Each structure stands twice: as structure tokens, then as C-alpha cells.
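Asks: Dropping a prediction and its sequence here:
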Amino acid sequence: MSRLENIRQYFFVLWELTKRELKRKYARSFFGILWSSIYPLLRMILVVLLFSTIFDKGIDRYPAYYFVGFLMYEFFVTATSNSLTTLKDNRDLLIKSKLPRELLVLSRVLTAFVNFLLGCIPFALVLVIYEANFTMYYAYVPIVLLLFVLFTAGISYMLSIWYVFRRDAKNIWTNFTMIMNFFIALFYHITWVSKGVQAFIKNNPIYGFIYTCRNYLIYGEKVEMIYLLEIGIWTGVIFALGILVFRKYENKVVVHL
Amino acid sequence: MMEKFIKDFKQNMFAIHQLTERDKKHENAQTFLGELWEIFNPLIMTVVMVMVFSTIFASDSMKNYGLFVLTGMTLFNLFSQGTTGCLGAIVGNKNLLIKTQLKRSIYVFQKVALVFRNFLYSLIIYAFMLTIYKVKPEKEWLLLLIDVFLLLLLIFGLGKILAIANVYFADISYFYKVFTVFLIYGSAIFYQVERFSTLLRNIIIINPIYDAIYIARQIVLEGNSIDNKYWLVLTLYGFGFYFIGSIIFNRLSDDIVAKL
């Protein structure tokens, strides 16, 4: 079989798995897939209503500012926490089929990404309403998002293995992401916190991704080289590490499932 | 009559105990670390919020920002964990519901009791923090018992409604997630309401969680007398939800088995 045929098959299976996940996700829900668009919008409105009165300093185009960060972080949290249990959830498939196991994790990341894209529909509207600067920088956004997906996938690979060995990994991760929520300058501006926390946030790759997208999408400004380097390096390291860890342990975990 | 009452009581307590033991074993693979987290959660969240927000908010005429947040977080945690637990009280006990004759409200009560136990542990941490900040107890603090009791009534009543609603309408868990996140922001946990406009300051009083937190802060931190309207609103919510919740629960919980 040719190499090309292999890749085609790989993506076919990936897409089938993703469709399965999507169907399962919305099976019990009344609003179904619509929810993916409504939820971020609802969250944005509630948060903006509140915070625009609490924070007197103000942020330029705050609704859009919050929306980007929220969508991206929500994608990260959904993708990683769903991937965490992948290997356990697909126990039968793992034992019976010769499917590349990475695909199972990747399909969950993709499912979350589809969700993210649906959330971008109301976001586009907000961008128009708040007159975002539509510039050449928009062309870079897909690249940043691709890096973000790879970064998320890398983390997801590691988490899926971790969960097999530690049953409370899910709890730990949920709480970790909840705390992280406060350290990515999601609903406040980074200059409002103390110097120490600022340094911490700046070194947080997730903030790097959000900051880059914000600048490109809303303010039409160029991003400092240091952030671009940061997200590039983090993505490379985490993705490689994820693959390595996953390949090393994927056979060993079957015994533990 | 009395004997029957005692016998029922003993049986219920036994059931609650068994359910709790099971929850510990199954739910989210509850581990030692997980339980510890639930107890330390208010403290950890307080540390996080103080780190992030102290430069923005602490400069306001506030003495102990840490205690201010911790008081809010401890009560909020009781509410959010309690009601979220109740949400799964019926759906999560499907098999038991069908097979046993146990009184249905026990399932909800057990969730509240479990969270209340964790809350009591959290209070040990709270007491420790009080000694660090050198706050001395006064006899007015007895009012805190009423404050917590009213909050518990609200949790139990709302929990009953949520438990039933979850059977008919699975989306409720999504909505409730949104709601609790919003509530964390809308209960003035890490900021003072003085930042609000007068209109908004009057609106936030209809949030019973804020009222419960406000009362506790006034008693412990400020030592001020409390405006009766806060007590009134909290009491109305507590008893109101308790009665409405019980009525809805009793009406609907019989038909529920068919729906599950």
C-alpha cells in the first residue's frame, strides 16, 4: 500500500471516530449541537455584565477580549479532560482492533475543536459588532490555532496514559484546570496583577496562545517575538513528549485497563 | 408510635451511612487526595484569588482580604458542592431506587449530609486562619449557626428540585454548571459590593448566597450589626425553597421510576 493511501486511511478513521464522539456527546441533550454555540455566548454576556462594573479600569473591547480567551481555554479544558479517560472508555476497541491508538485520543481533541469552531460563530458576530481591526494578521490565526491543537494533543496523550495508572488523575486535572483559569488573564488584564503573578502568567504557554490570538483578531497588532517563540517551543516540546510517552506506554497500559 | 419513629430513624441513618460509604468508593474514584481536596478547596481557592486579585481589590478599605475571601469561599463551596451533589441524587441511584423501598428524599439528604461533613472539616481550617489573623470569637457568633442552617435549608430544598429536574431534563446539568460559575462571580466573593452602582448593590441582595456570605462577614470580620433585610431575604429563600422543593419532590418522585 502506498504511503498516501495510508495517510488517507488514517484520516478516514480519525474522522469516523470523531463523528462517533460528536454523536455520543449530544445524544442525551435536548439542545444538541446548538448548545455549543449558545453556551459561550451566554457565558460571555454574563461575565461582561458583571465585570464591566467591578473592574473600573476597563479593557478595550472587553466582550471580544473575554470571548477569545474563553473559547480557547474551554477548548483546552474540554479536549484534555475528555482525552484523559479515552483509553479506559475504549477498552474493547483497544483490545480487539489494530487501530493506531493515538487516533482515539486525537479524535477527542478534534471533537473539542469542532465544538470550538461552533463557538466561533457567535464570536465572529461579536468581532463585527465591536469593530475589531480586520488586518493581514488574520492569516496567521489558523497557524496559531494549529499549534494550539498540537499542544493540546500533546498534553492529552500524556494524560490518557496517566489516567490508566492513577485513578484520581481526573480529579486532580479538573482542579488543576480550575485553578489555571485564574492564571491566564482570562477576564482581567495582565497588568492588573502583582509582578510575580505577571511573570508566571507570561511564562504560561496557554496565555501565550490567547494573547497572540487576541492581538491578531481584535487589535490587529503584531505580537512580540518572545511570545511567538514561546508558543512555538512549547508546542514542539509538549507534542514530541506526548507522542514519546504515549508510544512508550501504549502497550503496557492494556494490561492495566 | 415512638418506637416506630426510632426504628425508621435508625434505618434511615443506616441507609445514609451505606450510601456515603459507596459514594466514597465509586464516585469519581474518590481517593484520599480527592477528599482532602474537598476540605482544602476553600483555602486553596482563597490563596489563588488573593494572589491574583489582591493588587486590584485589597487596596479598598479592607482589613483582612484573605479572611474576606475565605469566608466567602467556604460558604460558597458548601452551596455549590451541596447542590451539585443533589443534582445526581436520583439519576445516580437508579438501581437502588427501583429495587428498594427507601424513602426517596433520603437520597437527597445523604448528599447534603456528606457535603456538610466536609464543610465541618473546612471549618477547622477556617478556625486556624482566624487565630493567625488574631480574630477572637464573640457571643454574637452564635448567629452564624442560624446563617448556616438557613443556607442548608436552601441547599436541601433546591437540591430536591434539581434532583427531580435532572430526571426529566438532562440539560439541567449544563445549565447548572453555567449557573454556579456565574454565581462565583455574582456572590461578591473576591470583591466588595462598594464597587457597584447603588442599583446593582440593591439587586445583589436578592442573591441568597451573597446574603449568607455578607452576614457571616459582618459577624466575624466587622462585628457590625446586620441590616434585617439580609436576614429576611435569606430566611425567605431557605424556608421557601425547602417547602416548594418538598412539595415538588413528593408530587413527582413517585412517577419517577417510569421515567428513569
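Replies: In hand now; what should we look at? Remember, predicted model here, so these are calculated numbers, not experimental data.
Asks: Pretty sure A:Leu22 sits against A:Ala112.
Replies: No. A:Leu22 lies out of contact with A:Ala112 (C-beta atoms under 8 Å); the separation is 10.2 Å. The C-beta positions use only the backbone N, C-alpha and C, and glycine is treated the same way.
Asks: Pick out whichever of the two has more residues nearby.
Replies: Shown here are A:Leu22 and A:Ala112; by other C-beta atoms under 10 Å in any protein chain shown, A:Ala112 has more neighbours (27 against 17).
Asks: how about the closest residue to the more buried one other than its chain neighbours, what does it touch?
Replies: Leaving aside its sequence neighbours, A:Ala112 sits nearest to A:Ala79 (C-beta to C-beta, 6 or more residues apart in numbering or on different chains; 3.7 Å). Listed by C-beta atoms under 8 Å, 6 or more residues apart in numbering or on different chains, the contact partners of A:Ala79 are A:Arg108, A:Val109, A:Thr111, A:Ala112, A:Phe113, A:Thr152, A:Ala153, A:Ser156.
Asks: please redo it, this time with the cut-off set to 7 Å
Replies: A:Arg108, A:Val109, A:Ala112, A:Thr152, A:Ser156 (C-beta atoms under 7 Å, 6 or more residues apart in numbering or on different chains).
Asks: For chain B, which residues are neighbours of chain A?
Replies: Neighbours of chain A within chain B, by C-beta under 7 Å from any C-beta of the partner chain: B:28-29, B:31, B:33-34, B:37, B:48, B:51-52, B:55-56, B:169-171, B:174, B:178, B:182, B:185-186, B:191, B:195-197, B:200.
Asks: at 8 Å what do you get?
Replies: Counting by C-beta under 8 Å from any C-beta of the partner chain, the positions of chain B adjacent to chain A are B:28-31, B:33-34, B:37, B:41, B:44-45, B:48-49, B:51-56, B:169-171, B:174, B:178, B:181-182, B:185-186, B:191, B:195-197, B:200.
Asks: Mind giving me the packing neighbours of whichever strand or helix holds B:Arg251?
Replies: Assessed by DSSP states H and E, B:Arg251 sits inside helix B:228-252. The elements that helix B:228-252 packs onto, with contact taken as 3 or more C-beta pairs under 8 Å, 6 or more residues apart in numbering or on different chains; DSSP states H and E, are helix B:105-132, helix B:143-168, helix B:208-217.
Asks: after the host helix or strand of the residue nearest to A:Ala112 comes which helix or strand?
Replies: Here A:Ala79, judged by DSSP H and E, is contained in helix A:62-84. Next along the chain after helix A:62-84, taking DSSP H and E as the criterion, comes helix A:86-89.
Asks: Could you give the average pLDDT over that following helix?
Replies: Mean pLDDT, computed over helix A:86-89, is 88.
Asks: What are the contacting residues of stretch B:178-191?
Replies: By C-beta under 8 Å, 6+ apart, stretch B:178-191 touches A:39, A:42-43, A:46-47, A:50-51, A:54, B:49, B:53, B:57, B:69, B:72-73, B:76, B:79-80, B:83-84, B:204, B:207, B:209-210, B:213-214.
Asks: In that stretch, which of the residues would be classed as buried?
Replies: B:Thr180, B:Val181, B:Phe182, B:Leu183, B:Ile184, B:Tyr185, B:Gly186, B:Ser187, B:Ala188, B:Ile189, B:Phe190, B:Tyr191 (16 or more other C-beta atoms under 10 Å in any protein chain shown).
Asks: Also stretch B:139-150?
Replies: For stretch B:139-150, burial by neighbour count (16+ other C-beta under 10 Å) applies to B:Leu143, B:Leu144, B:Asp147, B:Val148, B:Leu150.
Asks: near chain B, which residues of chain A?
Replies: By the criterion of C-beta under 8 Å from any C-beta, the positions of chain A lying close to chain B are A:28-31, A:35, A:39, A:42-43, A:46-47, A:50-51, A:53-56, A:167-168, A:170-172, A:175, A:179, A:182-183, A:188, A:192-194, A:197.
Asks: Would you show me how to pick out the buried ones of those in ChimeraX?
Replies: Of the residues of chain A next to chain B, the buried ones go into a single ChimeraX selection, burial set by 16+ other C-beta under 10 Å:
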select /A:35,39,43,46,47,50,51,54,55,168,170,171,172,175,182,183,188,192,193,197
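Asks: which ones among the residues of chain A next to chain B are found in strands?
Replies: The members of the residues of chain A next to chain B all map outside strands under DSSP state E.
Asks: Sort out for me which of the residues of chain A next to chain B are in helices.
Replies: Those of the residues of chain A next to chain B mapping onto helices are A:35, A:39, A:42-43, A:46-47, A:50-51, A:53-54, A:170-172, A:175, A:179, A:197, per DSSP state H.
Asks: And the most centrally placed residue in chain A, how far from A:Val114?
Replies: Computing the C-alpha centroid of chain A and ranking residues by C-alpha atoms, centre = their mean puts A:Phe76 first, at 2.4 Å. Per C-beta to C-beta, to the nearest Å, A:Phe76 is found 15 Å from A:Val114.
Asks: possible to save the buried residues of stretch B:178-191 as CSV with pLDDT and secondary structure?
Replies: CSV is the format used below for the buried residues of stretch B:178-191 (pLDDT from 0 to 100; DSSP: H, G, I helix; E, B strand; the rest coil):
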residue, pLDDT, secondary structure
B:Thr180, 88, helix
B:Val181, 81, helix
B:Phe182, 81, helix
B:Leu183, 88, helix
B:Ile184, 86, helix
B:Tyr185, 84, helix
B:Gly186, 86, helix
B:Ser187, 90, coil
B:Ala188, 88, coil
B:Ile189, 89, coil
B:Phe190, 87, coil
B:Tyr191, 86, coil
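Asks: rewinding a little: which residues are contacting the helix holding B:Arg251?
Replies: B:104-105, B:108, B:147, B:149-154, B:156-161, B:163-164, B:205-206, B:208, B:211-212, B:214-215.
Asks: Surely B:Ser197 and A:Thr53 touch.
Replies: Yes. Between B:Ser197 and A:Thr53 a contact is recorded at 6.7 Å, counting by C-beta under 8 Å.
Asks: that older thread, pick the most deeply packed of the helices and strands packed on helix B:228-252.
Replies: For the helices and strands packed on helix B:228-252, the largest average neighbour count (mean count of other C-beta atoms under 10 Å in any protein chain shown) is found in helix B:208-217, namely a mean of 24.
Asks: which element is the closest residue in space to A:Leu42 that isn't next to it in sequence on?
Replies: Nearest in space to A:Leu42, with sequence neighbours left out and distances taken as C-beta to C-beta, 6+ apart, is B:Val178 at 6.2 Å. Under the criterion of DSSP H and E, B:Val178 resides in helix B:172-186.
Asks: got the angle for that helix vs helix B:208-217?
Replies: Interaxial angle of helix B:172-186 relative to helix B:208-217 (axes from the mean of the first three to the mean of the last three C-alpha atoms, to 10 degrees): 40 degrees.
Asks: next one: helix B:172-186 to chain centre, how far?
Replies: Remark: helix B:172-186 is offset 14 Å from the chain centroid, using C-alpha atoms, centre = their mean, to the nearest Å.
Asks: Can you name the element that comes right after it?
Replies: Per DSSP H and E, the first helix or strand lying C-terminal to helix B:172-186 is helix B:198-203.
Asks: tell me the average confidence for that following helix?
Replies: Rounded mean pLDDT across helix B:198-203 is 86.
Asks: Send over that helix as CSV, restricted to the C-alpha atoms.
Replies: Taking C-alpha atoms only, helix B:198-203 is exported to CSV below (Å, rounded to 0.1, in the frame of the first residue of the first chain):
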residue,chain,number,x,y,z
THR,B,198,-26.4,51.7,44.0
LEU,B,199,-28.9,49.9,41.7
LEU,B,200,-26.6,46.9,41.4
ARG,B,201,-25.9,46.9,45.1
ASN,B,202,-29.6,46.5,45.7
ILE,B,203,-30.0,43.9,43.1
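Asks: Tell me, what's the model's pLDDT at the residue nearest to A:Leu42?
Replies: For B:Val178, pLDDT reads 76.
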